[in-house]
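K.L.:
Structure for this input, please:
(6 chains)
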Number of protein chains: 6
Amino acid sequence: MLPTLFLLSLFFAAGASKAAALDFCVADLMGPQTPSGYTCKDPAKVTVDDFVYTGLGKAGNTTNILKAAVTPAFDAQFPGLNGLGISMARLDIAPAGVVPMHTHPAGSEVLVVVQGAILAGFVTSSNDVYVKKLEKGDIMVFPQGLLHFQINARGIPSIAFVSFSSPNPGLQILDLALFGSNLSSKLVETTTFLDDAQVKKLKTVLGGTG
Amino acid sequence: MLPTLFLLSLFFAAGASKAAALDFCVADLMGPQTPSGYTCKDPAKVTVDDFVYTGLGKAGNTTNILKAAVTPAFDAQFPGLNGLGISMARLDIAPAGVVPMHTHPAGSEVLVVVQGAILAGFVTSSNDVYVKKLEKGDIMVFPQGLLHFQINARGIPSIAFVSFSSPNPGLQILDLALFGSNLSSKLVETTTFLDDAQVKKLKTVLGGTG
Amino acid sequence: MLPTLFLLSLFFAAGASKAAALDFCVADLMGPQTPSGYTCKDPAKVTVDDFVYTGLGKAGNTTNILKAAVTPAFDAQFPGLNGLGISMARLDIAPAGVVPMHTHPAGSEVLVVVQGAILAGFVTSSNDVYVKKLEKGDIMVFPQGLLHFQINARGIPSIAFVSFSSPNPGLQILDLALFGSNLSSKLVETTTFLDDAQVKKLKTVLGGTG
Amino acid sequence: MLPTLFLLSLFFAAGASKAAALDFCVADLMGPQTPSGYTCKDPAKVTVDDFVYTGLGKAGNTTNILKAAVTPAFDAQFPGLNGLGISMARLDIAPAGVVPMHTHPAGSEVLVVVQGAILAGFVTSSNDVYVKKLEKGDIMVFPQGLLHFQINARGIPSIAFVSFSSPNPGLQILDLALFGSNLSSKLVETTTFLDDAQVKKLKTVLGGTG
Amino acid sequence: MLPTLFLLSLFFAAGASKAAALDFCVADLMGPQTPSGYTCKDPAKVTVDDFVYTGLGKAGNTTNILKAAVTPAFDAQFPGLNGLGISMARLDIAPAGVVPMHTHPAGSEVLVVVQGAILAGFVTSSNDVYVKKLEKGDIMVFPQGLLHFQINARGIPSIAFVSFSSPNPGLQILDLALFGSNLSSKLVETTTFLDDAQVKKLKTVLGGTG
Amino acid sequence: MLPTLFLLSLFFAAGASKAAALDFCVADLMGPQTPSGYTCKDPAKVTVDDFVYTGLGKAGNTTNILKAAVTPAFDAQFPGLNGLGISMARLDIAPAGVVPMHTHPAGSEVLVVVQGAILAGFVTSSNDVYVKKLEKGDIMVFPQGLLHFQINARGIPSIAFVSFSSPNPGLQILDLALFGSNLSSKLVETTTFLDDAQVKKLKTVLGGTG
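P.N.:
Modelled structure (predicted):
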C-alpha cells in the first residue's frame, strides 16, 4: 500500500503544495481590503463554518418605522464568499412594511419570495417603471444600480431572500442618503427641488445634520 | 406647464434616446448567443414580465430515482437576467433524495434552505472536504467549479433556493457525464479506474451508450 | 522590391486576415446589442471619423429649469468607444445651475473643471458625504453607483468634462425617476416618505404620471 | 548631454515614479493572497528570473500508478505570471499512461502535443462528448470547468504543454476528490450511486479516509 | 426623537458596520499592491481630499526637447480612483511640441482638446492608420495598447485632458523604451532593423545604455 | 429500463434544453463580432473538430527577411476558443531569425521553447529591460501590452509555442506599424525622432506609403 501511495504522490509534481491550491479566498476580516475584496485567511485555518452562515435563519427585527428589516450576508458578515462574486440578504417585511427606495451601487439582485407577498419595482435610466406583485416562489431581477423598492403586499409578515452579483454590492437607501446624512438642507433642496419644509421634516425623523 | 416640460427635455441632450439607454439586456432567445450572453430584446418590447419568473413557485417533480429535482432559472428560462451576472434555481429533495455530485463550470453558488434540512458539501482541488448539515434559513457557499452535493437530512421534503454568480453557470452532473453520455465504457474505466462491471451497471441505469 | 514584400507577407501566416484582427469594435448602431455592447461595424468600413466625436465642442443648451445641460458621448453617440470601457460627457452649468442628484448605475466617473467653478459631492452607502468646491483644472472621482451632484459655484457659466469607466454608464436622475416617471404618487410616497403635496407638486413640474 | 537628459526627465511629470508604474505584479509568495492573486513583490527587487521558469524543462516522474505526471507552472510556482490571466503546465504521459478525469475549476485550457500522440476528450453540461486523437503539433481547447482527460495514444512517451486562462486554474482530479479525500464511503456512494465495494476498493488504493 | 432613531438603526441589521460597507477603496500608497490595485486606506481616515486631485490644474513644464508634458493622475498620484477602473492625465503641448509615439499597455484612452488644436493618430494591428486634427472640444478614442501620438496643430500652446479605462494604464514611450533603456544597441538593431548610427545617435540623446 | 430513464429525465426540469446549456461558444465566423468575441455557432452543429486545430503542426515558412514565422491560432483561426480567454501561436525562428519588436495590445503571453534556444526580452513602462536566453522547456511570461522580441539563440531552427490570455490578443509589429503602414514619413519622424533617411529606407523595404 505505501509504495502505491508514495508513487501517486509524485503524480502532481513538486511545488503544487496545498497552501497554494486556492479554490477560494475566505476573507481575513482583520486584514487589509483590496479592490477585489479582503485578503485571504490562511487556508490551513479554514473550516466548514467559514462557508456556512446561520445569520439569515431568524427574522430581522421589524419593530422600526419601516416595519421592515434587511439582514445582509455580504463578505463582511459571511467571509466564505469573499471573491466569489455573490452574496445574499434576508428581507423581513411586516404588514404595511416597506423596504424603501434604494440602490445597490455594485451589483444586480435577484429576489425570491418565501412567505407572504411583495410588491416590488424598479425605475430605469429612461424613467421607465417596472412593478409587479410577487407571490411565494416568484423571483424578480433588479438590474445593477437602479432605484428599486419592496413593499408588503399581504396582511402577513412577508419574507424574501435576495442574492447579489457581488460579495459586496453596497446598499444606498435614498432617504438615509438625503435625510439621514450630514448633507446640508440647502444642498438637498438645491439638488432635489424638494421644499425646505419637506427636507427639514424628514431630516428630523431620520437624524440628518448639516 | 408645457414650456417647462419642453425646456426640461433639453437638459439631457440629443442623441440620448431611450433605445440607447440600456440598463439591462433582456435576452432575445431567438437571437444569436455571444460569449457575454444572448443579444438583447428590443427595449421597446420589454415588459415587467421579462424581469419576473414564476417557474420556481411550484415544487419540482421528485418522483424519479434521485427523489430530487432541480428547476433552473438561468438566462434561457429567465431572459431578464441575461448579462446581469446572476441566476437562480430551486432544489426539491424528497425524503432520502439527493442532488448527486455535480459542478457548475462557470459560477459560484449560494444555497439557502427554506424547508426541511439538507446535508451539503464540497471537495476542493486539495481534496479537502467541507460538509455541513444545514437547517432552515442557513446558507452555504460552494466555490466555482468544485464538486458538491446536497442530500435530504430530515424525513420531510426539503427545499432550497440556490443563486449563482453567472446567468448561465452550467450544471455538470457527474453520473450523467460518466454513465449517461456516449463516452465508451473503456474510456470511462481508463480515466476513472472504476471496474468494468460497475461502469456497465450504471450505464444501464443512466442510459449511457458507447 | 516585390520579392521582399512577398516574402514579408509570409511572416504572419495564413488566416490572420485583416478582418479578423480586431483591435476595436466600432458599434453598428443598427445591429443588435449584447451584454458587452453593440455588435461591431464591418472593419473595412471603419474610418477615422468613427473614433472622433465633435458633439462635445459646443455648449449644451442651459435655458431650462436646471440651468444646466449634460451632453453625452456614450457608445450610442460615439460608436468608436463601444467595448472599450470608457466614455465621456460634457456638463454646462449656467450661473445658479445644477446637475441634480443622480447616479450612473454602471460606471465610476472622473470630472475635470475646464471653466468656472463647481461644487460637487457624493453620498456613500454609509451615508457619508464628500463635498468639495472644484476650481478650473481640479478633478474629482465619483465611485460607481453613488448619488452625486454638481452645482455652479461661481457667477459665470461653468464647464466640465466627465469620463466614465464604461461605454454605457447610464444616467438615473433622481427627480425624473421619482417625479417624471409613471410611478404612482402613492408608491413614491410609500417608498420615500415624502408628503403627498410635495410629490404631486414635483410631478406636475416634471411630468410624472400615474 | 546632461541638460538634455535633465529636460527630458521633466516630460513625464512628478509623481510618476518608477515604483508606481506597475506593468506587472510578481507574486510575493510570502505575502497575503487576495481574490485577484498574490500581493506584488517590490518592483525594485524584481529580476528577469521572476519572469522565467525552468521547471517545465525536464520530464515529470511517470513511475506512478497513472504512468503520468503533471508539472504545474501556476502562480505559486511561477510568480511572474501573478495577475496576468495565464499559466502553464507540462504533461508527461508514459506508454499506457493517463491523466485521469479532472476539471480546472477556474480556467479554460489549451493543450499542444509536442511528442507522441494523445487521446483527449471532454464532456459538457449537456453530456455531449468530444474526443479526438491528437498528433504532434495539434492543439485542443477544453472549456472551463468541464470534466476532461488525456491518454497516451502511442507506444512512446508523450508530452504536451497546456496553458490556462488563469494564473491559478486549480486542478480537481475526480478520483482523488472521491476516493483520496476524507469524504465518507457512505457519502460517496449516496452521491455517486457507486457500489460500496467499488468505493472501498478505490479508497484503499488512493488513500481516502472517512 | 431618540426612540425613532434607535428603531431605525435596527433596520439594517447587525454586522453591517460602516467599516465593512466599502463603496470605494482609496489607495494606501504605503501598503502592498495587488493585481487589482493598492490595498485600501482605512475608510475611517478617508476625507474628501482623497477624491479630489488638484495636480492637473497647472500647466506641465514643456521646456524640454519634446516641448510637451504629460501630467498623470493615475492611482499612484490620485489614490481615490484606486480600483475604480478610470484615471486621467493632462497633456500640455507647446507650439511644435509632440507627445511622441507611445502605448498604454493596460487601458483605452479618450482625449478631449480644451485649448488649441492637436493632430492625433493611432496605428492598428492591421497597420491601418487613423489620424485626425482635433479642435477645441473634439474628442478621440485610442483603443487599448495601440501605438498613438499627439502633435500641436496650431501655433499656440495646446492642452488636452485624457482619460483611461484603468486606474493604472501604464505609459510606454517608444523612444525611451528603445533608446532610453539599457537595451543594447545590438538588440535594438536586431529587433527593429534600424541602422547602428541611428540607434547610437538617439541613445546619446535619450540616455540609453547597454 | 424505460420508466427509469423517463423518471430521470424529470430531474433537471423543463426549460433546461440542450440548446440553452452553453458551456462554450464556438465562433460563427460568418456572424457579427461583439466586444466579447464572435457570436456562437449553433451548438447542434458543433463537432469535436471545432475544438481541435491542426494548423500549428507544421513549420511556418521562414524564407522571408525575418527568417521567422508566426502562425496564429486565435479565434479567427480556431473558433473553438472564442470567448474562452485563451489562444495560442507557433513561432518558427530559423538561424539568425528574429521575431521583431512587437506588442499584443490585448493579452499577456507565455512562451515555451520546444526546439533550439531563444533569446527573449521585454521593456516596461519604466524602461526596465528583462532579457533571457531560454533553452528547450524554459518558459517566459511577457506582461500585457509591452514591447518584446524573440531571437534565435542557437544555430538551428528554433520553435516555441506561445499562449495568450485572450482569444484575440492582437499583434502590432513595430516596424510594420511605422514603416509598413500609410503613416507619412513626416509623422513617423516627428513622433519617433528617427532621421528622414532612416525612415525612408525602411519604408522602402517594408512597403509603407504616405
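
K.L.:
How about residues contacting the lengthiest helix in chain A?
P.N.:
When chain A is parsed with DSSP state H, its longest helix is helix A:196-206. For helix A:196-206, contacts defined as Cβ atoms under 8 Å, 6 or more residues apart in numbering or on different chains pick out A:65, A:175-176, A:178-180, A:185, A:188-189, A:192, A:208-209, C:193-195, C:198, E:1, E:4, E:8. The way it works is simple: take the backbone N, C-alpha and C, and place the C-beta from them, glycine included.

K.L.:
quick one: low-confidence ranges for chain A?
P.N.:
A:1-21 (pLDDT under 70).

K.L.:
if we can go back for a sec, make a PyMOL selection of whichever of the contacts of helix A:196-206 turn out to be buried.
P.N.:
In PyMOL syntax, the buried subset of the contacts of helix A:196-206 is picked out as below (16 or more other Cβ atoms under 10 Å in any protein chain shown):
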select buried, (chain A and resi 65+175+176+178+179+180+185+188+192+208) or (chain C and resi 193+194+195+198) or (chain E and resi 8)
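
K.L.:
what's the spacing between the longest helix of chain A and its chain's center?
P.N.:
The chain centroid and the centroid of helix A:196-206 are separated by 27 Å, computed with Cα atoms, centre = their mean, to the nearest Å.

K.L.:
Show me which positions of it end up buried.
P.N.:
Neighbour-count burial for helix A:196-206, with 16+ other Cβ under 10 Å as criterion, is recorded at A:198, A:199, A:200, A:201, A:202, A:203, A:205, A:206.

K.L.:
Could you quantify the relative orientation of it and helix C:196-206 as an angle?
P.N.:
Helix A:196-206 runs at 130 degrees relative to helix C:196-206, counting by axes from the mean of the first three to the mean of the last three Cα atoms, to 10 degrees.

K.L.:
Report all helices and strands that the helix or strand where residue A:161 lies contacts.
P.N.:
Taking DSSP states H and E as the definition, residue A:161 sits inside strand A:158-164. If you count contacts as 3 or more Cβ pairs under 8 Å, 6 or more residues apart in numbering or on different chains; DSSP states H and E, strand A:158-164 packs onto strand A:87-93, strand A:109-115, strand B:109-115.

K.L.:
Among the buried residues of helix A:196-206, which one sits closest to residue D:33?
P.N.:
For the buried residues of helix A:196-206, the closest approach to residue D:33 (Cβ to Cβ) belongs to residue A:206, at 40.9 Å.

K.L.:
Quickly note the distance from the closest one to residue A:175.
P.N.:
Per Cβ to Cβ, to the nearest Å, residue A:206 is found 6 Å from residue A:175.

K.L.:
Let me see the backbone angles for residue A:177.
P.N.:
Main-chain dihedrals, residue A:177, degrees, to the nearest 10: phi -60, psi -40.

K.L.:
Now it. Nearest residue, chain neighbours left out?
P.N.:
In space, and not counting its chain neighbours, residue A:177 is closest to residue C:123: 4.3 Å by Cβ to Cβ, 6 or more residues apart in numbering or on different chains.

K.L.:
What is the burial count for the one you found?
P.N.:
Residue C:123: 25 surrounding residues under other Cβ atoms under 10 Å in any protein chain shown.

K.L.:
right, and it touches residue A:181 too?
P.N.:
Yes - the pair residue C:123 / residue A:181 is scored as a contact, 5.5 Å apart, by Cβ atoms under 8 Å.

K.L.:
any residues in contact with both of the two?
P.N.:
By Cβ under 8 Å, 6+ apart, residue C:123 and residue A:181 have these common neighbours: residue C:129.
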